[in-house]
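Q: Okay, structure incoming, though there's no sequence with it:
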């Protein structure tokens, strides 16, 4: 499971937490060496039009609040044809869920030379050793940790308590007519259900069942689709249609779709640059200027009032849930 603060580094693990964001995960895919794939956020699996626009969808990455103290029930199955690695490293479950999916769809996705070599090396290993191998895979760890937040202080590892917000990533992938849940905290893959035409419907039922176990006010869930990056294909289609001298309206529609995707990637790139930027010098100088102008004490008091209010609100919500 991952800590609540995105981007912070766990001293004992060497892996930072990462944000469940399509731009972050798409950047990871590219950095690892995958070609022709990206991640898109899904707001509802029942919105068929939105899902159809993303197809082909190779897998789903689901983020939810991890219930601390609740011992997971082993629901795993024996499925040697399904690649599965246990999570043995703190804060790695987002990247691990992505890798577990990717290494089950190598017949559909170009995962790149690094993951191909990793698959060859770990194919004959047990799930726990595979998880340890992910932890020692420098190339993947470096890509993952490129999103680490800059910190002025390093804190000792502390076990999460029931008051902490801890989140966990799992994956869903179709394989040989069966949908599998890939949860690194389980002993192995979990059979979700068989499918004939649309595997996403089967995965949706499992996700909705998990969401139903939480209180009505809990909305902190996130779902990402690992899907085709359509931009290269659309650009090829545009060039072919332009050479064939098709009508202008068809070209305009295709061009609008291409520009929409290019703009999305541009925004993701800007957001990721901001995530990686070291703001500490700026913050230090801002605090220094505020102190010199005598405004720091007032702002500090306002912050303390807001912190107390947030704690009281959180305690009231917890009491209402119980």
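A: Right, received. Where do you want to start? Since this is a predicted model, take the numbers as computed values, not measurements. Numbering: from 1, shown residues only.

Q: Can you list the low-confidence ranges for the chain?
A: Applying pLDDT under 70 to the chain flags the ranges 1-13, 69, 151-164, 321-322.

Q: now the helices for it?
A: Taking DSSP state H as the criterion, the chain carries its helices at 22-32, 48-54, 93-102, 112-122, 127-135, 138-145, 199-211, 231-243, 248-276, 280-292, 296-321.

Q: The longest one: which residues count as buried?
A: By that I understand helix 248-276. Within helix 248-276, the residues that count as buried by 16 or more other CB atoms under 10 Å are 254, 257, 258, 261, 264, 265, 268, 272, 275. (C-beta placed from N, C-alpha, C; glycine too.)

Q: helices or strands next to that helix in the packing?
A: Counting contacts by 3 or more CB pairs under 8 Å, 6 or more residues apart in numbering; DSSP states H and E, helix 248-276 is packed against helix 22-32, helix 231-243.

Q: any idea how far residue 221 is from residue 303?
A: Distance from residue 303 to residue 221, counting by CB to CB, to the nearest Å: 29 Å.

Q: Between the two, which has more neighbouring residues?
A: Each of residue 303 and residue 221 has its neighbours counted (other CB atoms under 10 Å); residue 221 has more, 15 against 10.

Q: shouldn't the more buried one be in contact with residue 66?
A: No - counting by CB atoms under 8 Å, residue 221 sits too far from residue 66 to count as a contact (12.0 Å).

Q: Select, out of the helices and strands packed on helix 248-276, the one closest to residue 47.
A: With CB to CB, the closest approach to residue 47 among the helices and strands packed on helix 248-276 belongs to helix 22-32: 16.0 Å.

Q: between the closest one and helix 138-145, what angle do the directions make?
A: 160 degrees (axes from the mean of the first three to the mean of the last three CA atoms, to 10 degrees).

Q: got the contact list for helix 22-32?
A: Applying CB atoms under 8 Å, 6 or more residues apart in numbering, the external contacts of helix 22-32 come out as 18, 37-41, 61, 94-95, 98, 111-112, 114-115, 139-140, 143-144, 146-147, 224, 226, 229, 265, 267-269, 271-272, 275.

Q: List only buried entries from the residues you listed.
A: Buried members of the contacts of helix 22-32, counted by 16+ other CB under 10 Å: 18, 37-40, 61, 94-95, 98, 111-112, 114-115, 140, 143-144, 146-147, 224, 226, 229, 265, 268, 272, 275.

Q: Count the neighbours of residue 237 for me.
A: By other CB under 10 Å, the residues close to residue 237 number 15.

Q: Give the burial count for the residue nearest to residue 180 when sequence neighbours are not counted, as a bare number.
A: Nearest residue to residue 180, sequence neighbours excluded (CB to CB, 6 or more residues apart in numbering): residue 189, at 4.3 Å. When neighbours are counted by other CB under 10 Å, residue 189 registers 27.

Q: same deal with residue 138?
A: Residue 138 - counted by other CB under 10 Å - has 7 other residues nearby.

Q: Likewise for residue 314?
A: As a burial measure, residue 314 scores 12 neighbours (other CB under 10 Å).

Q: Same question for the one 3 residues further on.
A: Using other CB under 10 Å, residue 317 has 13 other residues around it.

Q: Residue 286 too?
A: Residues within reach of residue 286, counting by other CB under 10 Å, total 12.

Q: How about residue 14?
A: Neighbours around residue 14, by other CB under 10 Å: 16.

Q: Same question for residue 190.
A: Counted with other CB under 10 Å, the neighbours of residue 190 add up to 21.

Q: so residue 169 makes contact with residue 101?
A: No - in this structure residue 169 lies outside contact range of residue 101 using CB under 8 Å: 10.6 Å.

Q: between these two, which one's more packed in?
A: The neighbour count for residue 169 versus residue 101, taken as other CB under 10 Å, is higher for residue 169 (28 against 21).

Q: ok, that one - contacts?
A: Counted by CB under 8 Å, 6+ apart, residue 169 has contacts 2, 20, 61, 62, 63, 93, 94, 96, 97.

Q: May I have the beta-bridge partners of it?
A: Judged by DSSP bridges, the bridge partners of residue 169 are residue 63.

Q: Check the one 4 residues further on too.
A: According to DSSP bridges, residue 180 are recorded as the beta-bridge partners of residue 173.

Q: Determine the number of other residues adjacent to it.
A: Applying other CB under 10 Å, we find 27 residues neighbouring residue 173.

Q: How much space separates it from residue 235?
A: Look at residue 173 and residue 235: by CB to CB, they are 28 Å apart.

Q: give me every residue that touches residue 232.
A: residue 36.
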